[in-house]
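Participant: Quick one, structure for this:
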Amino acid sequence: MSENVLFVCVENAGRSQMAEAFFRKYAPVRFNVFSAGTTPSSQLNPIVIQVMKEIGIDMTNQHPKMLSHSMIENSSKTVNMGCMDRESCPSLFVKDVLDWNISDPKEKSLDEVREIRDKIKSEVMNLIKTLEA
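Facilitator: Now for the predicted structure:
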């Protein structure tokens with residue numbers, strides 16, 4: 001049986017999308033991965049698409065999605081990318097949420113977004129190790 005892993009942020013335009021892309025690339029096939037936001041943006045952050053393309057991950061077909069209760073209920077692991085406001089981030093108050101507290105790439109420089117990307121990759125690789133254990 002496969003397990004669902006959910007990455008959540010506010011706009012689902014950067015952090016959670018990068019985490020989903022890394023998880024999809026590196027995790028075992030028994031996992032399904034999703035990302036969503038509490039107030040999804042209309043499109044992905046173009047700089048996020050650019051920095052992921054630099055390392056060979058194409059995200060041009062990804063779209064921000066609205067977080068739903070069924071997504072949360074059907075996930076064996078939920079990761080909050082780093083929002084602290086109860087109104088915009090109900091995932092914070094779901095049991096068993098990992099909170100990575102990663103900066104939002106919105107309005108950041110290219111180098112800053114690369115740093116965020118690399119931190120997300122590192123966190124995702126650690127998460128995969130713990131899920132496989």
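
Participant: Please count neighbours and contacts with C-alpha atoms only from this point.
Facilitator: Fine.

Participant: Now do the contacts for residue 53.
Facilitator: By Cα atoms under 8 Å, 6 or more residues apart in numbering, the contact list for residue 53 reads residue 59.

Participant: Swap in 10 Å and give it another go.
Facilitator: Going by Cα atoms under 10 Å, 6 or more residues apart in numbering, residue 53 touches 47, 59, 60.

Participant: what's around residue 105, how many residues?
Facilitator: Residue 105 has 20 neighbours, counted by other Cα atoms under 10 Å.

Participant: quick one: the closest residue to it other than its chain neighbours and residue 122, what's the gap?
Facilitator: Distance criterion Cα to Cα, 6 or more residues apart in numbering; nearest residue to residue 105, sequence neighbours excluded, is residue 113 at 5.5 Å. Distance of residue 113 to residue 122, computed by Cα to Cα, to the nearest Å: 14 Å.

Participant: higher neighbour count, those two?
Facilitator: residue 113 (23 against 13).

Participant: Wait, residue 19 touches residue 59, no?
Facilitator: No - with contact defined as Cα atoms under 10 Å, residue 19 and residue 59 do not form a contacting pair (11.4 Å).

Participant: of those two, who's got more company?
Facilitator: Neighbour tally, residue 19 and residue 59, criterion other Cα under 10 Å: the higher count belongs to residue 19, 27 against 17.

Participant: quick one: secondary structure of that one?
Facilitator: Remark: residue 19 carries the secondary structure label helix [criterion: DSSP: H, G, I helix; E, B strand; the rest coil].

Participant: And the next helix or strand past the helix or strand of the chain with the lowest mean pLDDT?
Facilitator: Least confident helix or strand, the chain: strand 97-99 with a mean of 83, by mean pLDDT, DSSP states H and E. As assigned by DSSP states H and E, the chain's next helix or strand after strand 97-99 is helix 110-132.
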